[in-house]
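S.K.: below is the structure, and that's it, no one-letter string:
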C-alpha cells in the first residue's frame, strides 16, 4: 500500500476570509485535522483565522475535507459587506 498521496488531504475553505481556497495538508495520526488555524494578511496585517471541519469525503482516491470559518475564535475582520 502506497502512502505517498495517502499521507495528504485537500482542505477546502467554504467561507470566511479564505473562502474558495484549497490547500494540500498532511494527515495527522493518519487522519485529517478537525480544526486548523490559518494565517492570512488582511489589509496588510497578518491575522489568525480558525476553521472547523464540517465534511469529509473521498474523491478519486483522495481525502477532501471541507472547513467552515469560526469567526468567534478568529481575529476580527472588518468588511464593508458585513453589517450584522
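M.R.: Received, thanks. Just so we're clear, the structure is a prediction, and the values are computed from it rather than from any experiment.
S.K.: drop to CA atoms for contacts and neighbour counts, all remaining ones
M.R.: Will do.
S.K.: mind checking the longest strand of this structure?
M.R.: Longest among the strand segments of the chain by residue count, using DSSP state E, is strand 45-59.
S.K.: ok, residues contacting that one?
M.R.: Here strand 45-59 makes contact (Cα atoms under 8 Å, 6 or more residues apart in numbering) with 13, 17, 33-41, 63-71, 73-75.
S.K.: return a PyMOL selection command for the buried portion of the residues you listed.
M.R.: Of these, the buried ones go into a single PyMOL selection, burial set by 16 or more other Cα atoms under 10 Å:
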select buried, resi 13+17+33+63+64+65+66+67+68+69+70
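S.K.: which of the contacts of strand 45-59 fall in strands?
M.R.: 13, 35-41, 63-70.
S.K.: where does this structure dip in pLDDT?
M.R.: Filtered on pLDDT under 70, the chain yields the residue ranges 1-6, 78-84.
S.K.: same thing but 80
M.R.: For the chain, residues meeting the criterion pLDDT under 80 lie at 1-6, 42, 77-84.
S.K.: bridging residues for the closest residue in space to residue 62 that isn't next to it in sequence?
M.R.: Leaving aside its sequence neighbours, residue 62 sits nearest to residue 9 (Cα to Cα, 6 or more residues apart in numbering; 6.5 Å). With DSSP bridges as the criterion, residue 9 is bridged to residue 25, residue 63.
S.K.: for residue 46, grab the count of nearby residues.
M.R.: The number of residues packed near residue 46 is 11, by other Cα atoms under 10 Å.
S.K.: scratch that, residue 29 is what I was asking about
M.R.: By other Cα under 10 Å, 8 other residues sit near residue 29.
S.K.: so how far is residue 58 from it?
M.R.: Here the criterion is Cα to Cα, to the nearest Å. By it, residue 29 lies 18 Å from residue 58.
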